[in-house]
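need a 3D model of the sequence below.
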Amino acid sequence: MLLRFGLDRPCCGLASFQTNPRTSEKATVPRNKRGETDKDVHRAVVGQCVVCIKARNAGARRIMLQVLATIFLLSRDLYSVPLDGSTITPYLRTSSDADQSTGWRALKEKVMVRVYILRLSLALAIILLGRAPESRAAEGVSVEQSITEAQAALRHRHYSQASRTLQDALVRFPGNAQLRLELGRVYVYQRQDARATEVFRALLRDDPSDREAKLELARVLSYDKRYEPANRLFREMLATNPNEEAAAIGLIRNLLLEKKKDDARREVEQALARHPNSLRLQEYRDDLLKNQLPPAVASHESNVLSRLQADATYFSDTAGNRATRTGQRFDLQLGRNFTNSFRLDEKSLWVSQGPKANIFSVNEEGRVRVARWLFIGGGGGIVRFADNSNRALYRGELILHPIRSFWLQGGFSRIPITPTYQSAQFDLLAEGWWARLDWQPRSWRVSADFSKQHYSDSNRTQREDALVLRWLGNAHFAVGLGYQYAHSSFTQPFLNGYFSPNQYHSHLGLGGFRFSVGKIYRGEYIVDYGAETVDQNPYQMAWEASAKNRFLLGKLEMGADYSYFHLAQSTGAFRAQVGRASIAYRF
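Next up is the predicted model:
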């Protein structure tokens, strides 16, 4: 018979037992040619192997069932069948060929047993091999489904549910690397750093080249402030693949938190050369230029730009004017694109031993980042003057950050004018336009300010200021040289308690130094020396000296500043001194 495996020709191994179509005589197999019969059987089995393999690759269940059917119909296949489709003539045994017939029957039985066993083995192999890929595919689908469900739970902050989903999946698929990695990440969200570290280390023991496990382990160590081992892992990843952006970001973040700004700046420049469009790297570069700590990169820590601050300032001049100001400020960054600032200020003004004028103000401001290079800010508040009258305050601004380390700001605002006790009697306000340019390339600072305001006593003023400063040195010690210019003009020289010349100019040269002691102290000492002129009078010598001190104790920062002025002040005096103390907590 024809074996229906999708082929149109009989199995070659059974041709030895067919009736000879050309002689119509029965083909016999002599006893001394049994080896040739074995070869025929072997060729038949090989032919069946080829057919079975093709059936397995096609994945057709119908073909496997036909294989099984063929096995059970094998005994019929072993008898002679004409290839030309003619009928079979019954064969009647005679005594003359009894011995020959007995030998032929024994040979057929042995061949039948061999082929039956081999075909049954091949059929079982096909079934098992067909089910194995299905089992692996089902496992892959189940693993991916469990990870998807856990990630969905994480997005809704259902951390316990995500953990249970992954643990249940690991019971079904023990040792699966994907499930273990995701479970470690869930532990990070749950702040179970010890368990997360154990999971990631176990993954690395199984596969030291596992990039994701190494990255997650370095991040967990960073969250626990174990910066040295974390940095080693980040550097290993960068040594293997210098284009690893996530490792570069993690390393730079740690260096900034360790106050290693020179190292961080070098890593930022190298990383930006490979990833010029990375927003996170650009933010870190801007933070370095502004001497600020970076924003946090994980939910494990709050943004370090959030700050609670209190400060106090004392002012006195040679004209007898005295002033104290105390303020409290709360800065909060919500996400990456919104910041909010709230401030309370109380100011006391008096002259020598005279009465005091107390002024109280409240301000609230917000700033939104609408594009990588564009910010919009605005706010409002209220001021209560010494006579208990209230006035509204407001501020709106637009900030452009088009290129590296360059900022351009502008806006419209209303602010109180209260330099002296006498000015406080007029409840003075100033409103108008203002603009500021700030460019801070490496070791440089270039800034310029412009304002045009209208005072509530009908006076008008315009101011321009500029500063260029260059630092030479490193983070531990540097010398600064620069130049500062100031100009102001008023339309009317009122005597309402504030300095209002028709024209004022000053030109000052800057010189000083800054240094740091370990991680707990930074100091900056600068002297400005030059000349100034008022209302077209000849230039007079002018100078000022300032000392700024910062003490860093973890997230706590304390400041103590002092300045002495030998030049014109907003009070109208030409000699003054200012002391300031502050304390801030970053979180």
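
for stretch 523-533, which outside residues touch it?
480, 484, 503-516, 539-550, 567-568 (C-beta atoms under 8 Å, 6 or more residues apart in numbering). Any C-beta I mention is one placed from the backbone N, CA and C, and that applies to glycine too.

and Leu255, what element?
helix 245-257 (DSSP states H and E).

just want the angle from whichever helix or strand comes after that helix to helix 245-257.
Per DSSP H and E, the first helix or strand lying C-terminal to helix 245-257 is helix 261-274. In terms of direction (axes from the mean of the first three to the mean of the last three C-alpha atoms, to 10 degrees), helix 261-274 departs from helix 245-257 by 160 degrees.

which strands and helices lie in contact with whatever helix or strand comes next after helix 261-274?
Next along the chain after helix 261-274, taking DSSP H and E as the criterion, comes helix 279-289. If you count contacts as 3 or more C-beta pairs under 8 Å, 6 or more residues apart in numbering; DSSP states H and E, helix 279-289 packs onto helix 245-257, helix 261-274.

using PDB, write down the CA coordinates of the last one.
Taking only C-alpha atoms (Å, rounded to 0.1, in the frame of the first residue of the first chain), the coordinates of helix 261-274 have been written out as PDB:
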ATOM      1  CA  LYS A 261      32.200  68.600  41.000                       C
ATOM      2  CA  ASP A 262      35.400  68.500  39.000                       C
ATOM      3  CA  ASP A 263      35.000  64.800  38.400                       C
ATOM      4  CA  ALA A 264      31.300  65.200  37.700                       C
ATOM      5  CA  ARG A 265      32.000  68.000  35.200                       C
ATOM      6  CA  ARG A 266      34.500  65.800  33.400                       C
ATOM      7  CA  GLU A 267      32.100  62.900  33.200                       C
ATOM      8  CA  VAL A 268      29.300  65.200  32.000                       C
ATOM      9  CA  GLU A 269      31.400  66.500  29.200                       C
ATOM     10  CA  GLN A 270      32.400  63.000  28.100                       C
ATOM     11  CA  ALA A 271      28.800  61.700  28.300                       C
ATOM     12  CA  LEU A 272      27.400  64.700  26.400                       C
ATOM     13  CA  ALA A 273      29.900  64.100  23.600                       C
ATOM     14  CA  ARG A 274      28.200  60.700  23.100                       C
END
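
tell me which residues in it are buried?
Residues Lys261, Asp263, Ala264, Arg265, Glu267, Val268, Ala271, Leu272 are the ones in helix 261-274 that count as buried (16 or more other C-beta atoms under 10 Å).

where are the low-confidence patches of the stretch 1-150 of the chain?
Applying pLDDT under 70 to the stretch 1-150 of the chain picks out residues 1-111, 113-116, 118-141.

cutoff 80 now
In the predicted model, the stretch 1-150 of the chain carries pLDDT under 80 at residues 1-142.

please apply the same query to the stretch 301-450 of the chain.
In the predicted model of the stretch 301-450 of the chain, residues 301-305, 335-336, 404, 442 satisfy pLDDT under 80.

which parts of it are strands?
307-317, 321-334, 338-351, 357-371, 374-384, 390-400, 406-416, 429-439, 444-455 (DSSP state E, counting those that start in this stretch).

domains of this protein?
Taking automatic domain parsing as the domain assignment, the ranges for the chain are 12-87+98-133, 158-289, 320-586.

just say which of those is most tucked in.
Most buried of these, by mean neighbour count (mean count of other C-beta atoms under 10 Å): domain 158-289, with a mean of 18.

name the helices or strands packed onto the strand or helix carrying Tyr564?
Assigned by DSSP H and E, Tyr564 falls within strand 556-566. Other helices and strands packing on strand 556-566, by 3+ C-beta pairs under 8 Å, 6+ apart, are strand 540-553, strand 576-586.
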